[in-house]
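A.B. asks: how would this look folded up:
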Amino acid sequence: MAQSKLGRNAFTVQEAVNMDTFTEWYYEVLDLSGTDTSTYATTATPAKKAIFYVVPGAATTLEDGDVLSITLNGKTGAQIINIDSGDLPFTISGCLITSISVANSGAEASDTVSLLTFH
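C.D. replies: Numbering: from 1, shown residues only. Sure, this is the predicted structure:
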């Protein structure tokens, strides 16, 4: 008998196990002076996990009051996650991520955030 799936996050047992299996990873630095988009999370190579962080010991101009707006899968509304810069590192997992865009509320020319994606 055919199994029905409900919603985009309804996985079979094997699909759920495969979500924790990574074959590739990519590191990039996103420029927060405007809105920057990940080069590696695409529809051809969706990410299974994304970690946003500031490199330990690196000079950063992110301030405690800065709010990062993370847009997932090219959609607006419910797909936007707002986090305080003090909440870094921040991890997103449990869904396929086909695009990631990040903007900073208090954007300055030297603002950056590191992104590590697992595929």
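A.B. asks: The residue nearest in space to the middle of the chain: which element?
C.D. replies: Among the residues of the chain, the one closest to the centroid is Ala50, at 4.4 Å (CA atoms, centre = their mean). If you go by DSSP states H and E, Ala50 is part of strand 47-53.
A.B. asks: who touches the helix or strand following that strand?
C.D. replies: Note on strand 47-53: by DSSP H and E, the next helix or strand toward the C-terminus is strand 67-72. Applying CB atoms under 8 Å, 6 or more residues apart in numbering, the contact partners of strand 67-72 are 32, 52, 79-85, 90, 92, 95, 97, 99-106, 113. Where C-beta positions appear, they are placed from N, C-alpha and C, glycine not excepted.
A.B. asks: What is the strand holding Ala50 packed up against?
C.D. replies: Contacts defined by 3 or more CB pairs under 8 Å, 6 or more residues apart in numbering; DSSP states H and E place strand 47-53 against strand 90-97, strand 100-104, strand 112-118.
A.B. asks: please redo it, this time with the cut-off set to 7 Å
C.D. replies: Judged by 3 or more CB pairs under 7 Å, 6 or more residues apart in numbering; DSSP states H and E, strand 47-53 is in contact with strand 90-97, strand 112-118.
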